[in-house]
Structures are given as C-alpha cells and as structure tokens.
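Undergrad: Sequence first, then the predicted structure:
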Amino acid sequence: MKSAVIVFPGSNRERDMLYALEKTTGHKAIAVWHQETSLPEVDLIVLPGGFSFGDYLRTGAIAGLSPIMSAVKEKAAQGVRVLGVCNGFQILAETGLLPGILLRNAHLKFVCKEVKLEVASAASDFTSRYTRGQIIRCPVAHHDGNYFADDATLEQLEAEDRIAFRYTAETNPNGSIRNIAGILNEKRNVLGMMPHPENLIEPAQGGTDGRGIFESVLEAIA
Amino acid sequence: MIRNDIDITPELIAEHGLKPDEYQRILDLIGREPTFTELGIFSAMWNEHCSYKSSKKWLRTLPTKGPRVIQGPGENAGVVDIDDGDVIVFKMESHNHPSFISPYEGAATGVGGILRDVFTMGARPVAAMNALRFGAPENERTRHIVSGVVEGIGGYGNCFGVPTIGGEVNFDARYNANCLVNAFAAGLAKADGIFLSEAKGVGLPIVYLGSKTGRDGIHGATMASAEFDDDSEEKRPTVQIGDPFSEKLLLEACLELMASGAVIAIQDMGAAGLTCSAVEMGAKGNLGVRLDLDKVPCREDGMSAYEMMLSESQERMLMVLKPEMEAEASAIFRKWDLDFAVVGETTDDLRFRVFRHNDLMADLPIKELGDEAPEYDRPWVPSKPQTELKASDVPAPASLGDTLVAMLGLPDMCSRRWVWEQYDNLVQGNTLAGPGGDAAVIRVNDKGKGLAFSLDVTPRYCEADPVEGGKQAVAECWRNITAVGAEPLAATDNLNFGNPEKPEIMGQFVGCIQGIGEACLALDMPIVSGNVSLYNETNGQAILPTPAIGGVGLLPDVFTRAGKAIQTEGETLILIGARKGHLGQSIYVRDIVKKPAGTPPPVDLQVERRNGDFVRSLIRGGRVSAVHDISDGGLLVAVAEMTISGDIGATITPDPGLPLHAWAFGEDQACYVLSVPTGQVDSLISDADKANVPAKVIGKTGGRDLTVEGEAPISLERLSNAHEGWLPQFMAAPETH
C-alpha cells in the first residue's frame, strides 16, 4: 500500500501519522511538502493534525490555499482515498471537499481526552473493518472540533449514510451537531474526522481501536 | 530614537536596576562613563535573573556530576545519557513575573522559552510539564490567572506539538500577588548530536534566525529581578508575545540545519535577547563579537541600538555557521519562511562591539561582562525551628469518612483534570502514562525503552524547615519516579524565593539548597540544569519558599511498570515503610483543623533509598499490579486515590499503634502502598524482611466502597465526585475581576 502524508508548516501530528501508517500497513508512507504541486501515484492521501499556519486566520483556511491542495482535489476527484484527521478535517471542510465547518468547541477550550465513537457507517474504504453500531475508543485533541452544517446538509448526510463516526452522546467533547465526529464525501473516498485514530494503534498506547481505519484501507486495496 | 550619549544620571542608573556600587564597578571596569546602550547591556547582564549574583555562591554547592551526566549546568539545558547513544536534554525555567502581569502571554512564552532551550541543543522536545502556584481561591484575581496561565500553556505547547504530560498545581494566599509558572521541557537527541553555545573560529559569520525583533519584552529580565508593587500592571509592555507557530518552524529549521553540518555554535535569544546570546557565545569561546544592528530583521522601523539589544522578542536564535555552508543554511530557513541574516562576525580581540548606522554604540570587554558581574554573599539567618506537633495535640475528626471526602475535594488535593484536559498530552503518540499519576511515562522507541518524569516540591514544608523541605522535594520526586518502576537519573531545579536582600529569605534559600544537595547526593540524582527566580515579593510579602524539582527516570522496559490505579478485585494491599503518623505541617492540620503547625515530616535519605529500591525491584519483577506513594494527605488519601483511579474499592485496617487520624492523614515519608496478587504476599513480605524494609498487609481490594474497618463505608462515587468536582466548579464561577 502506498500512502502520502501532506506536511504543512505547523502540522504537528504528521510524524504520528507516518508512524501509524507504517505500523498498521507494513509500508512506509511518504511525506509531501505543501509547496509541491503534484502527488505520486498513491492509494491513500492523508492530511494530518496540527496547527497549519498557526490556525491564525481560521483553522485550515490558509492551508486550503497551499499549492499541493490543487493536486489533492484532483486526486480526490479521480477517486483516490483522502483521509483528513483533526486539522486535516478542517482543511477538507475549508476546501469544500467535505460539507460543513468546524467551529470553536462549545466550551471554548482546547480538549484532549479519550471519547467513545459509534461507527455510524461501516460502508466505506475507511470503516469496513468495523461493524455498524460498534463503539470504539479514540482520543481527541482540538480547539475547533464543533461540527456544524445546515439542516439540509445534515439531512443529506444522514440520508446518504455519510456520517462515518458519531461521539456517543455522553462523550461529545465539543458540542458537535448530532454528535458528528467524522463524515464522508458523496463518493465515499474522502473521510474527515476530528478524533485521532493514529494515536491508538498499539497496546503500548493503551489500545488498538484506531487500527481499523488503516486496516480497512489496506483491505480495500488488496 | 533615544540618543546614545544622554546623561547617565543616578535616576537612570536606578531605573536600570543597578545599585550605586554596581555602577561604580562598571566605571572601574571600562574606565569611562558608559553610553546609554552600554548601560542597557550591563543592566541586562548584571541583573539577578541573568547573573545569579545572589545565588551563585550556593548553587556551586549542588552535586552536578554523575556517571550519566554529559552536560551539567551552564548550557541551555542539561544532558543525560539514557543508553544506546541516546540522551535526554532537559531544563526547567520560571516565567513568574510576566505570568502575573499577563497570564496568557507570560505562561505561553515561558513554555516557548524552555522548548527553545531544549532544541537549541539539538534535541527534539518530547515532553513538557509545568509547576504552577496560584493565590488563594477566594482571592479575586486567582481565577483569572489560573484561566489565563492554563490557556497560555496549552495554547503554546499544543500548537508547537509537544505533549504536556505532568506537573503540579497549588493554591495559597502567599501566591496572591506573585503566581509561579515553572515550565519544564525535555528533548531527545543522540549523544554525538549535541550543540553548544561556545563559538569557535575568528572571522566567522554570526547569523540571526527566526522571527523579527520588535519592541516587546524590553527589560523583561530586569523586571523579573525586582519586587512588585501596586504599579506592576504598568509593566505590561515588558511581557513578550509568543508565536508557537513560528517556534515550530524554528524547531524544524534548526534541526534540519544541524543535520546538515553547518552549525558551529548556537544560542537561543531568551532573557535579555541579543545581548545575552551574543556575549555568551563570544565569552565561552574566548572570542570577541562584532554586531551590525542594521542587518537585524526588525518588526518596526526606527528601533534604536538600545531597544534592539534589550528586546526579548520570541522565537529567535543566534548561530555561528561554517561560512562555506551559508547558502545551504539560508535555503533551509527560506523554506520554512523564517528570517535569516548575517548580523556580525567573531573577532580575536575579546571586545563586544555594537554598530548602528555605522556608529559604534557599545564597545565593552566581552569576558568581563559575564565574569565580572557582581557576586554577593548575602547575609542570611536560619529559619526559626518549629516545635514538633504531637498527634495527641491535634483534634481528631468527628467522622473519618466525611473528613476524607472533604480532603479529596480541597483545592490542593482535588483532581487536576480540568487543567490537563486543556493540554495535548498525546501528540507524538508516545505518551504511555499521562497526567494524574505519580510520574508520567513516555516511550523513547518501540523497543521498550521509556522515560518517567515528575515535578515536585511541598512549599509549606520548605517554609517550616528549609533543609528538610529541600530534602523532601528531591525525595518525593525520586519516589514518584520510582513508583512507576523507573530508575531516577538526574534532576533540574527551579528555585523560587522572595527578596534575597532580606536575611530571613536568604536563609530559606540557603537551607533549601543544603537539603536539595544532601538529597541529590544520597539518592544519586545530580542537578544538571536549573533556574533561580528571586524577588517573588509584593509590598513586602514573599511567596512560600518553592524550590521545584523536576526529575527524569529511565525505564528499560515500559511494559513492566506500575500505575496507581487498582487493577483487580481480591488483591492484597501492602504498606511499605514505617509509619509514625506525622501530622506536623500536614494537609490535615493546615486545611481541616486549620491550625498549621509543627515540623515537617523528616526525610531519612538512607531509608528512602532502601524502601524505594525495593519497590522498584518488585515492579521490575512484575510482582505488583499497582503502586502509589504516600504524600500530601497521608495513607488514607493515597488508598482513596488508588481506588478512584482503578474504579475498584478496598477495605483497610487501621494500625492499633497509632491514633486513627494520625494513621489516616499523617504524611510520613518513604512510604508506598502496593496492590499485590494475594498468592504472592508471603514471598513479598519475606523478601522485604531480608531487605530490611518494613512491609505489612493493610487490606484487600474489591467492592464499590472504600472501607476503613470500624468506620462506615464510603462509596467510590462519593470519593470520585468530591475529587473531580472542585476545580471545574471553581473555574465555572463568574469572574469577579
């Protein structure tokens, strides 16, 4: 399996992601600097967590304009899988690859804790190794993870089974509408999620619930 | 722009924090009146913060060497060998004064400064902690300061991408007008990849890297060397503004540049900015330095030499580079969108020369700027000894259970979850035990090697008896690291005190240093770096003496370690260590009886070591499933914390030889509570006997209550609610200020 992790100035979980990809798929991923204008042939493109450009204008706003993002959009349109985690999700929302936005957490504070996620859809290349309704553990670490979209968009997401993960009601850490933690695009090849599956892939990290995402992709390309 | 040749009046000298005899020293040294810029440079180099003039004499007495110490105090951070060619680089530093004036920015730049100290040496930061002391909860400013400081620490560390994995939080009225923010950082490097500040070679380019220079933080170090008064609010412009995004870029650019082989010497611009860094690089290398300030990237126009030399703008570095690699180095910094400018060169004449608009603004002897700084042997008096407090003179509680519940919810005892959930404690994916345990644990590689970290001091002990308090701070840190199964290697210290010109404050300092030194020696935990923060005083009221100790320990195999959470029902609880039920200076007498008195618990360093080594051997042998040391609040609080963490209850039996409240809440040192599979109890007790370590069965795990035999059971839910409730409720109350 070939994967590329896009590195923006201010990315800070790109090393976590590179490590997780290697540990879960057995293949080293490549890091691609944001000023590149093209991407190699890969099975998976990952936009990692962090504070790209300091999140100074609005989360993901400046990164969304980086040269590499044209190539990411092109690949996404061709059907290449794109995973955006945390800041990566914010960038995907900012570029319109996914609908809705990530607002400041409802309690206005950064939050780092473990939450429980319900696998709301197992019908994707990112979630097929889970079963629908399965509850998994996963850490979150963000300041702006409060997902919001208008009613029409939300209805469409529900109708098209595009909500991949929901926080269980009692662990929603940020006030996200309908407890949404991760969503898919229409073609189901782009997933954005706030929680960090890459930080829960080994027993040493306290659990392996996050592996399913990477193993699902691995299975999809097999 | 202020002229460089203005009259140097006694008022101007005083405003620069220089005493008349110190100014005379300057005149004697340079043989003429200094220019305005030179006066600024002297004030930056000779203030307490940079020169350690009151503390140097005593700091020299601390043990700083050991078989694992690669770099002791004197560089940006200490360096300690952790086997396999790996080293851990760490230090702790205060940002107290700025954090009180501007909590968010003060705390944020404190974190930024300590991270820079670590990566300046070539290490990638892998862990951060912070020791925080705030005023009494009822003080009207406390909530505002807590909120800003915690947000500032998170704001900087989270964005930079270092996990904040531990620390301390205390509340006390003595910190009402002087909060303490001590930031710790540790980084990993290879032993052959360490970079130092000593410049080598004449005529080599001195390069400025990072963010631009602005007018922020001018005289920050001078401010940090003075007492506060009611006008401290007006010192806000002396607080620096942090930019963690730039710092993250600076980290990546510096590590990339270091890997390229272009760097000869590197020094970050911290306190007193360009002045301190340039002088240090030159003086250490026995070289002169010539700076052309016109080349310095500036944030605003028209900055004078004086302002540029004293600015404490953040995220800046100074390097000496191999001239043939200048182009390559510049390309790396352009890639990361950072400023890169050759601002001077090394010379062979040991002069520190500063030019602005081609005018010579300062021309000073570089070695003497540091070496000839005043050094004081300040008069001191030992603290008044306290009389021992007998348990029979301390009222017993009406209800042991209600008192325990009350203690778990005290400001100084409750869970700090509200704080640590605002810190990214997971980034980098190596946090194996985050905040809330005895020591935090990260892994170093995926072969099982790990490191443990803890920050400790008990200021009320230090005030009651500085020598015992100093010993206890080191002992507790050593014990916390031991309690997870790690071998304590070395420590950094952050010594926070009041005005050293007062003999009783100086006496606290001298006493604490003596205790710290004795304990470091006995426990083989040398001090490899540190920081002194004096003048933590407002309107004559000093803080509690607070010498925070930050320790690092090595775990050869992270899979054989322990935590405080009870893992299994039906195990046996064993007490390690002799208990006398020492109530003097305990949380119980301070916060429940509300009559703090007595001597602090004595620390027997030989016993500490013997008991701790035994506990560590049990953990490494996989013979215990949970370990917690006894500290604030005593045995009953320790057991309660073990039950809350593990969500499994316990039943314990009091010691008939001790009054019930002394048994429950006495804060005896060198004691641990272990949870042990019942089948292994006999062999463990017999091994303890052989090692001459007191060990006895005190109870069993299981159920949904904590029960002290003869007392009503207390539900885990009640304990947990009390423990978790106070801080969020306190912080949710509306601000009154």
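TA: Nice, thanks for sending it over. Not measured: the values here are computed from a predicted model. Numbers count the residues shown, from 1 in each chain, chains lettered A, B, ... in the order given.
Undergrad: Can you pull the residues of chain A lying near chain B?
TA: Listed as neighbours of chain B in chain A under the rule CB under 8 Å from any CB of the partner chain: A:9-10, A:12-13, A:15-16, A:19-20, A:49-51, A:53-56, A:109-113, A:139, A:141, A:143, A:196, A:198-199, A:202, A:204-206. All C-beta spots, glycine's among them, are computed from the backbone N, C-alpha and C.
Undergrad: which of the residues you listed are buried?
TA: A:9-10, A:12-13, A:15-16, A:19-20, A:49-51, A:53-55, A:109-112, A:139, A:141, A:143, A:196, A:198-199, A:202, A:204-206 (16 or more other CB atoms under 10 Å in any protein chain shown).
Undergrad: so B:Val354 bridges to which residues?
TA: B:Leu291, B:Ala362 (DSSP bridges).
Undergrad: Test my guess that it contacts B:Asp294.
TA: No - B:Val354 is beyond contact range of B:Asp294, at 10.9 Å (criterion: CB atoms under 8 Å).
Undergrad: the more surrounded of those two?
TA: More crowded of B:Val354 and B:Asp294, by other CB atoms under 10 Å in any protein chain shown: B:Val354, with 28 against 13.
Undergrad: how about that one, what does it touch?
TA: B:Val354 makes contact with B:Thr37, B:Ile41, B:Leu291, B:Leu293, B:Ala305, B:Met309, B:Leu360, B:Met361, B:Ala362, B:Asp363 under the criterion CB atoms under 8 Å, 6 or more residues apart in numbering or on different chains.
Undergrad: which parts of chain B sit against chain A?
TA: With CB under 8 Å from any CB as the criterion, chain B meets chain A at residues B:151, B:154-155, B:158-161, B:243-246, B:248-249, B:336-337, B:420-429, B:431-432, B:443, B:446, B:558-559.
Undergrad: and the residues of chain A next to chain B, which of them are in helices?
TA: Counted as lying in helices by DSSP state H, out of those, are A:Arg15, A:Asp16, A:Tyr19, A:Ala20.
Undergrad: quick check, nearest of the residues you listed to chain B?
TA: A:Asp16 (4.2 Å; CB to the nearest CB).
Undergrad: ok, the closest one - contacts?
TA: Contacts of A:Asp16 (CB under 8 Å, 6+ apart): A:Pro48, A:Gly49, A:His196, A:Glu198, A:Asn199, B:Val427, B:Gln428, B:Gly429.
Undergrad: quick one: the closest residue to the last one other than its chain neighbours and A:Ile177, what's the gap?
TA: What it means is B:Gly429. Nearest non-adjacent residue to B:Gly429, counting by CB to CB, 6 or more residues apart in numbering or on different chains: A:Asp16, 4.2 Å away. According to CB to CB, to the nearest Å, A:Asp16 stands 28 Å off from A:Ile177.
Undergrad: what's the answer for B:Gln567, then?
TA: Using CB to CB, B:Gln567 is found at 39 Å from A:Ile177.
Undergrad: And for B:Phe195?
TA: 49 Å.
Undergrad: Neighbour count: these two, which is higher?
TA: B:Phe195 (22 against 15).
Undergrad: residues near the residue nearest to the more buried one when sequence neighbours are not counted, how many?
TA: Leaving out its chain neighbours, the residue that sits closest to B:Phe195 by CB to CB, 6+ apart is B:Gly122, at 4.3 Å. By the criterion of other CB under 10 Å, B:Gly122 has 24 neighbours.
Undergrad: pretty sure B:Gly122 belongs to a helix, no?
TA: No - counting by DSSP: H, G, I helix; E, B strand; the rest coil, B:Gly122 falls outside a helix, being coil.
Undergrad: Pretty sure it sits against B:Met258.
TA: Yes - applying CB under 8 Å, one finds B:Gly122 in contact with B:Met258, separated by 5.2 Å.
Undergrad: Please enumerate the shared neighbours of these two.
TA: B:Gly193, B:Phe195.
Undergrad: Excluding chain neighbours, what is closest to residue 126?
TA: Answering for chain A, as no chain was given. Distances taken as CB to CB, 6+ apart place A:Leu191 nearest to A:Phe126, at 4.5 Å, with adjacent residues excluded.
Undergrad: not what I meant, chain B
TA: Per CB to CB, 6+ apart, closest to B:Val126 is B:Leu188, 5.2 Å.
Undergrad: do the same with B:Asp21
TA: B:Pro374 (8.0 Å).
Undergrad: what sits against the one you found?
TA: By CB under 8 Å, 6+ apart, B:Pro374 lies in contact with B:Asp21, B:Glu22, B:Arg25, B:Trp46, B:Ser51, B:Lys53.
Undergrad: in the strand or helix carrying the first one, what's buried?
TA: Take DSSP states H and E as the rule and B:Asp21 turns out to sit in helix B:20-30. If you call a residue buried by 16+ other CB under 10 Å, then helix B:20-30 has these buried ones: B:Glu22, B:Tyr23, B:Arg25, B:Ile26.
Undergrad: Could you do stretch A:78-93 as well?
TA: A:80-93.
Undergrad: Quick one: the residues you listed as TSV, columns for pLDDT and secondary structure too.
TA: Formatted as TSV, these follow (pLDDT from 0 to 100; DSSP: H, G, I helix; E, B strand; the rest coil):
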residue	pLDDT	secondary structure
A:Val80	98	coil
A:Arg81	98	strand
A:Val82	98	strand
A:Leu83	98	strand
A:Gly84	98	strand
A:Val85	98	strand
A:Cys86	98	coil
A:Asn87	98	helix
A:Gly88	98	helix
A:Phe89	98	helix
A:Gln90	98	helix
A:Ile91	98	helix
A:Leu92	98	helix
A:Ala93	98	helix
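Undergrad: okay if I get those as TSV plus distance to B:Ile513?
TA: As requested, the buried residues of stretch A:78-93 are exported to TSV (distance: CB to CB, whole Å):
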residue	distance to B:Ile513
A:Val80	62
A:Arg81	60
A:Val82	58
A:Leu83	54
A:Gly84	52
A:Val85	48
A:Cys86	45
A:Asn87	45
A:Gly88	50
A:Phe89	51
A:Gln90	49
A:Ile91	51
A:Leu92	55
A:Ala93	55
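Undergrad: And those, which is closest to B:Asp117?
TA: A:Asn87 (27.0 Å; CB to CB).
Undergrad: The closest one is in contact with A:Val46, isn't it?
TA: No - if you go by CB under 8 Å, A:Asn87 and A:Val46 don't touch, sitting 11.4 Å apart.
Undergrad: For the residue of the stretch 451-600 of chain B found nearest chain A, give me its contacts.
TA: Nearest residue of the stretch 451-600 of chain B to chain A, counting by CB to the nearest CB: B:Val558, 6.4 Å away. Applying CB under 8 Å, 6+ apart to B:Val558 gives the contacts A:Ala204, B:Leu432, B:Val441, B:Arg443, B:Gly448, B:Lys449, B:Gly450.
Undergrad: With B:Val457 instead?
TA: Contacts of B:Val457 by CB under 8 Å, 6+ apart are B:Ala131, B:Glu168, B:Gly469, B:Ala473, B:Glu476, B:Thr546, B:Pro547, B:Ala548, B:Ile549.
Undergrad: For B:Gly550, name its beta-bridge partners.
TA: B:Leu455, B:Thr492.
Undergrad: Neighbours of it, how many?
TA: Residues lying near B:Gly550 (other CB under 10 Å) number 32.
Undergrad: Check the gap between it and B:Ile165 for me.
TA: Separation of B:Gly550 from B:Ile165 (CB to CB): 12 Å.
Undergrad: Name the residues contacting each of the two.
TA: Counting by CB under 8 Å, 6+ apart, the residues touching both B:Gly550 and B:Ile165 are B:Met129, B:Phe453.
Undergrad: Can you give me the pLDDT of residue 49?
TA: No chain in the question, so chain A it is. If you check A:Gly49, the pLDDT there is 98.
Undergrad: Sorry, I should have been clearer: chain B.
TA: 85.
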